[in-house]
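Chemist: sequence first, then the predicted structure, then my questions.
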Amino acid sequence: MTAREKLLRMMDAALTAADPTQCMADHLPEKPKGRTIVIGAGKASAKMAQAFERYWKGEVGGLVITRYGHAVPCQYVEIVEAGHPVPNEAGRVAAKRVLELVSSATKDDLIVCMISGGGSSLLAMPAEGIKFSEKQQIGNALLRSGATISEMNCVRKHLSGVKGGRLAAAAGKARMITYLVSDVPGDDPSIIASGPTVPDDTTGSDALRIIDAYGINLSDEVRGLLSSEQNPTVSSKDPCFTNSELVMLTTPQASLLAAASVARELGVAPIILGDAIEGEAREIAIMHAGIAQQVLRHDQPVPKPCVLLSGGETSVTVSGEGGRGGRNSEFLLSLMMQFRGQAGLSALAIDTDGIDGSEDNAGALIDESSWRKAVECNVDLHWYLQNHDSYSAFDQISALITTGPTLTNVNDFRCILIE
């Protein structure tokens, strides 16, 4: 079996483990006296709603928001597609409808909430006094700034009319169960999709510190709103959470463990470096390359053949206009420049939702031949890395991985094979 085939086998196992529908049937709530209302937002939310319909023995209705191209057919739950990673008008209108649905619930109703990565952009209803256009601008600036997902979602909560526990507060005394697919380091429910149904103890001042740290411009109205704490998130002390339950369906660690199991079957020792790795994609690549070189040269910390597995969410600080590509292809381009075609080293990096950044690829795969192909095609890898144009570089050497939307999202999956 070739190195490429081994890497793809591990990738397939990781994606299968990230499927949120596998254990839905084991976590169904008790039926309510009143209505069952399904809501949600995220790249996996439509598939989660479809699975709930399949297993739920009773009437159900509701509205779920997912990214364009990520919808699946549901019989009773309405699926709306909207913009990601920058929110658009379709998301704003749908978020308002979700809030109205939740606010209509009574103490006899059950609200079933499907939350996964991408929900922050899709559930896009700004707080009163904030222009939607400015919320879009701030979000886009954060995406380009190199901010971590935790930092971005803290800001998003304090600019929102629905995130940071506000949907739970709107539900009043209705019973609520939230199904989660984690795309954040540490699997913190308050960070996943900016926690619309879970408590949040951050403040507007916390959001301001993040905004100022990255030099993002704010209008006087937004700065005043954050400074005055006039739009607080819902704290853990709020009684609205007493009738609320959280169910974590799948996590980045689950995907890493599944890939590790396949590696053992292939006679390759797995080393899981972490499921919550953050930082600049190109710098994280240099760290991974150093570990791989240590194994290749000295059989430390384990002898080869082995595979380095890691997850989490890296970031890319875009300078200038930027090119085409996402954080996983940028990671892999930086890694390729460290390996320089050295024998025995191959690697794969993807975003588990099937979309790396805003392109049509999930990521890319490199092996011993990739460096030679780049030289033969006169691809200046350094130029493409400096201009954040990793997609174009890998496209020229036929190294892109295209899966299409996977209808899940547990963030980055990185796999470095050393033989």
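Modeler: Good, I have the coordinates.
Chemist: only C-alpha atoms from now on, for both contacts and neighbour counts.
Modeler: Will do.
Chemist: helix, strand, or coil at residue 355?
Modeler: Classification of residue 355 using DSSP: H, G, I helix; E, B strand; the rest coil returns coil.
Chemist: count the residues that sit near the spatially closest residue to it that is not a sequence neighbour.
Modeler: Nearest in space to residue 355, with sequence neighbours left out and distances taken as CA to CA, 6 or more residues apart in numbering, is residue 362 at 4.6 Å. Neighbours of residue 362 under the rule other CA atoms under 10 Å: 27.
Chemist: how about residue 362, what does it touch?
Modeler: Applying CA atoms under 8 Å, 6 or more residues apart in numbering, one finds that residue 362 lies in contact with 350-356, 400-404.
Chemist: any idea how far residue 305 is from residue 269?
Modeler: From residue 269 across to residue 305, the span is 6 Å (CA to CA, to the nearest Å).
Chemist: who has more neighbours out of the two?
Modeler: Neighbour count, other CA under 10 Å: between residue 269 and residue 305, residue 269 has more, with 21 against 18.
Chemist: and residue 178, what element?
Modeler: When elements are assigned from DSSP states H and E, residue 178 belongs to strand 175-181.
Chemist: tell me the strands beside that strand, with direction?
Modeler: Strand 175-181 has these partner strands in its sheet, going by DSSP bridges: strand 110-115 (parallel), strand 244-250 (parallel).
Chemist: for the helix or strand just after that strand, which outside residues touch it?
Modeler: Toward the C-terminus, strand 175-181 is succeeded by helix 204-213 as the next helix or strand (DSSP H and E). Helix 204-213 is contacted by residues 151, 154-155, 158, 217, 223, 225-229, 231-232 when judged by CA under 8 Å, 6+ apart.
Chemist: farthest-separated two in those?
Modeler: The widest separation within the contacts of helix 204-213, taken as CA to CA, falls between 217 and 232 and amounts to 21.1 Å.
Chemist: which of these two has more neighbours?
Modeler: For the pair residue 217 and residue 232, the greater number of neighbours falls to residue 232 (22 against 14), based on other CA under 10 Å.
Chemist: residue 339 is in contact with residue 289, isn't it?
Modeler: Yes. Residue 339 is within contact range of residue 289, at 7.2 Å (criterion: CA atoms under 8 Å).
Chemist: pLDDT score assigned to residue 55?
Modeler: With respect to pLDDT, residue 55 scores 96.
Chemist: burial of it, as a residue count?
Modeler: For residue 55, the tally of surrounding residues (other CA under 10 Å) stands at 12.
Chemist: do residue 129 as well
Modeler: As a burial measure, the neighbour count of residue 129 was computed by other CA under 10 Å and equals 11.
Chemist: who touches it in this structure?
Modeler: 221-222 are the contacts of residue 129 under CA under 8 Å, 6+ apart.
Chemist: save the strands paired with strand 175-181 as JSON lines, and put in mean pLDDT and distance to residue 166 too.
Modeler: Converted to JSON lines, these look like this (pLDDT from 0 to 100; distance: least, CA to CA, whole Å):
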{"stretch": "strand 110-115", "mean pLDDT": "98", "distance to residue 166": "13"}
{"stretch": "strand 244-250", "mean pLDDT": "96", "distance to residue 166": "13"}
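Chemist: want to throw those strands into CSV with mean neighbour count and distance to residue 370?
Modeler: Compiled in CSV, these are given as follows (neighbours: other CA atoms under 10 Å; distance: least, CA to CA, whole Å):
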stretch, mean neighbour count, distance to residue 370
strand 110-115, 27, 38
strand 244-250, 18, 33
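Chemist: could I get these as JSON lines with distance to residue 293?
Modeler: Conversion of these to JSON lines gives the following (distance: least, CA to CA, whole Å):
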{"stretch": "strand 110-115", "distance to residue 293": "39"}
{"stretch": "strand 244-250", "distance to residue 293": "32"}
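Chemist: out of the ones you listed, flag the one nearest residue 300.
Modeler: The minimum distance between residue 300 and the strands paired with strand 175-181 falls on strand 244-250, with 31.4 Å, by CA to CA.
Chemist: mind listing residues that contact the longest helix seen in the chain?
Modeler: The helix spanning the most residues in the chain, taking DSSP state H as the definition, is helix 281-298. By CA under 8 Å, 6+ apart, the list of residues contacting helix 281-298 from outside reads 278, 300-304, 308, 314-316, 327-328, 330-335, 338-339, 344-345, 416, 418-419.
Chemist: and these, which are buried?
Modeler: 278, 303-304, 308, 314-316, 327-328, 330-335, 338-339, 344-345, 416, 418-419 (16 or more other CA atoms under 10 Å).
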